[in-house]
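Asks: after the sequence you'll find the predicted model.
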Amino acid sequence: MVPGWYGVSSVKWLTGIEANDHPFSGYFQTERYWYEWEHAAREPVTLQRVRALITEPGPDQERDQGQLVVRGVAWSGAAAIARVEVSLGGGPWQEARLLGERHRHSWQCGS
């Protein structure tokens, strides 16, 4: 577990930690967790890309007409989340209200 290095989904299977004095050469680190660009050589998956996820309302969840609260999280490995915008039903983009302090490698909650 190293800040700035993407953990992918295998972190849930963590059963121990071993410190090495050299780069680890496991199968997934050397063969699988790589971006392949058309214009350049392969690049290891290290930086957490900017991502966002709506957590409320859930997928296909119907709501009555009126005010709607949308909640979610956003995260990035490069920098703290500066802002999040949401568009409902193809309408105009609206800036979300971010909650808590903003830090690199942290989830940013908002509504």
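Replies: Perfect, I can see it now. Numbering: from 1, shown residues only.

Asks: now do the helices in the protein.
Replies: Remark: helices assigned in the chain by DSSP state H are 27.

Asks: any regions of it where pLDDT drops low?
Replies: Low-confidence segments of the chain, defined by pLDDT under 70: 1-14, 111.

Asks: residue 100 reaches residue 109, doesn't it?
Replies: Yes: assessed by CB atoms under 8 Å, residue 100 is found in contact with residue 109 at 6.3 Å. In short, each C-beta sits where N, CA and C put it, glycine included.

Asks: those two: who's more crowded?
Replies: Set side by side, residue 100 and residue 109 show more neighbours around residue 109, with 17 against 10, by other CB atoms under 10 Å.

Asks: surely the more buried one meets residue 71?
Replies: Yes: counting by CB under 8 Å, residue 109 touches residue 71, with 7.4 Å between them.

Asks: where along this structure do the strands fall?
Replies: Assigned by DSSP state E, the chain shows strands spanning 34-35, 43-44, 51-56, 71-75, 85-87, 93-95, 98-99, 108-110.

Asks: which one of the ones you listed lies closest to residue 19?
Replies: If you check each of the strands of the chain against residue 19 by CB to CB, strand 43-44 wins as the nearest, at 19.6 Å.

Asks: who does that closest one pair up with?
Replies: Looking at strand 43-44 with DSSP bridges, its partner strands are strand 34-35 (antiparallel).

Asks: list of residues touching the partner strand?
Replies: With contacts defined as CB atoms under 8 Å, 6 or more residues apart in numbering, strand 34-35 is touched by 42-45.

Asks: can you turn the buried part of the residues you listed into a PyMOL selection?
Replies: Those of those that count as buried under 16 or more other CB atoms under 10 Å are selected in PyMOL with:
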select buried, resi 45
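
Asks: mind listing what the most centrally placed residue in the chain touches?
Replies: In the chain, the centroid-proximal residue (CA atoms, centre = their mean) is residue 51; its distance is 3.9 Å. Applying CB under 8 Å, 6+ apart, we find residue 51 in contact with 74-76.
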